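Chemist: Dropping a prediction and its sequence here:
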Amino acid sequence: QLQLVESGGGLVQPGGSLRLSCAAFGFTLTNYKIGWFRQAPGKEREGVSCISSSGGGTRYADSVKGRFTISRDYAKNTVYLQMNSLKPEDTAVYYCAATPRFGYVCSPVEKEYNYWGQGTQVTVSS
């Protein structure tokens, strides 16, 4: 059974940092592109970042550029989202998603991803 499990969410003060993890079980992420998405209360889910299967291609939403960094560890079968300089508007449930796509590019477009995790809550508040 293919499963993605997010972890690392929590409560953090504005300006703080968190690192989210997305671990895969039942399959290897080697030939999958991975995306991070988030959904704030009352809002639609939006793409935050993605990383290609090669690891060489990444993309970020304008709202997180320069603050978030996506990376992947093939040995650990895990993708990370390092979030720095967090703002209250980053508060949301964060989801990782995967789809089999070998290549050097990616896009954080929801309809392109087949497998989804259950989400992890990130709350930025003083």
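Modeler: Here it is on my side, so go on. As the structure is a computational prediction, the values presented were derived from the model and not from experiment.

Chemist: my read: T69 touches S85, true?
Modeler: No. Contact criterion CB atoms under 8 Å: T69 and S85 do not qualify, at 11.4 Å. Where C-beta positions appear, they are placed from N, C-alpha and C, glycine not excepted.

Chemist: which residues does the most centrally placed residue in the chain contact?
Modeler: Nearest to the mean C-alpha position of the chain, by CA atoms, centre = their mean, lies W36 at 2.6 Å. By CB atoms under 8 Å, 6 or more residues apart in numbering, the residues touching W36 are 20, 22, 47-50, 70, 79, 81, 94-97, 108.

Chemist: and if you look at L29?
Modeler: L29 touches S53, R72, Y74, N77, T78, V79, A98, counting by CB under 8 Å, 6+ apart.

Chemist: Which of those ranks first by neighbour count?
Modeler: Compared across the contacts of L29, V79 has the highest neighbour count, 29 neighbours, by other CB atoms under 10 Å.

Chemist: Would you confirm that that residue belongs to a strand?
Modeler: Yes. V79: assigned to a strand according to DSSP: H, G, I helix; E, B strand; the rest coil.
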